[in-house]
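Participant: prediction below, plus the sequence it came from.
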Amino acid sequence: MKGTFRKAIMLSTICSIGFYSGAQFIGQTEASFSSQTTLEPIEISAAVVFPAAVQDLIDQAQNIFTDMIKAKSRMPTVPEKANLEELNKARSAVIGVEQELQSLLLDFENVHTELANINKQVKKLDPHTYRFVQTGFLQVDKVRMEIKKTIDFPYIKHTRLSIELRIKKLEEMEKEKQSMKQAKPEKTDDGVVPQAEPTETIDQNEGKTADEEKSMESSS
């Protein structure tokens, strides 16, 4: 009888322990699942932040800066006494450089903004783990400062406007020459400018003295 009672107690104890362990396991599982669900948006945001991705943005920024230096080197040198054709060619070259630099600057700003946003996100996480993001952002920001020092957009615009002003003056001078040429009478083959014939006939007797008139009357 005692053995049966002892077995019943042991069985009850085992069941209690099993139930408690099962409850603890289920509770931990639910807590773990809830924790993962809560952190999921942060994990998704941080999942794209890899050193290779940051390095790719750094490389893009540096390559854009290199392309901007090359574009700047194509700025033409305009002679002081350039003719109209040379000035028009120079203006086209400056416009091409100006547009290319503006397009490259826009590409760079997109890269800079993207890396700045990533840097802002990872500041909410472990700063030590994502230190490479801040380092990369500082490198790109340094390139941005170099662009401001190297590429003088106001100077390029001033150069274009100066060339356009010179073109306008030469075009006006050319028009004046054409107007004067049309107004000036042309010379003949022997270099003599033909004189215009008088529109009125002059009386042959006009201007003669009274004695000359009497002499003519007496002779008649």
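Facilitator: Yep, it's here.
Participant: tell me, how many neighbours does Thr150 end up with?
Facilitator: Thr150 has 11 neighbours, counted by other C-beta atoms under 10 Å. To be clear about C-beta, it is placed using only N, CA and C from the backbone, and glycine gets the same treatment.
Participant: the residue nearest to it when sequence neighbours are not counted and Tyr155, how far apart?
Facilitator: Excluding the flanking residues, the one nearest Thr150 by C-beta to C-beta, 6 or more residues apart in numbering is Ile69, at 6.8 Å. Relative to Tyr155, Ile69 is positioned 15 Å away (C-beta to C-beta, to the nearest Å).
Participant: swap in Ser103?
Facilitator: 18 Å.
Participant: check contacts around the residue found closest to Phe137 once you drop the neighbours it is linked to in the chain.
Facilitator: Distance criterion C-beta to C-beta, 6+ apart; nearest residue to Phe137, sequence neighbours excluded, is Asn119 at 4.3 Å. For Asn119, the contacting residues are Val133, Gln134, Phe137, by C-beta atoms under 8 Å, 6 or more residues apart in numbering.
Participant: who has more neighbours out of Ser103 and Tyr155?
Facilitator: Ser103 (14 against 10).
Participant: that one: which element?
Facilitator: Assessed by DSSP states H and E, Ser103 sits inside helix 84-122.
Participant: buried stuff in that helix?
Facilitator: 87-88, 90-91, 93-94, 97-98, 100-101, 104-105, 108, 111-112, 115, 118-119, 121-122 (16 or more other C-beta atoms under 10 Å).
Participant: got it, and stretch 51-63?
Facilitator: For stretch 51-63, by 16+ other C-beta under 10 Å, it's Val54, Leu57, Ile58, Gln60, Ala61, Gln62.
Participant: now swap in stretch 133-150 and tell me
Facilitator: So, applying 16+ other C-beta under 10 Å, buried residues of stretch 133-150: Val133, Gln134, Gly136, Phe137, Gln139, Val140, Val143, Arg144, Ile147.
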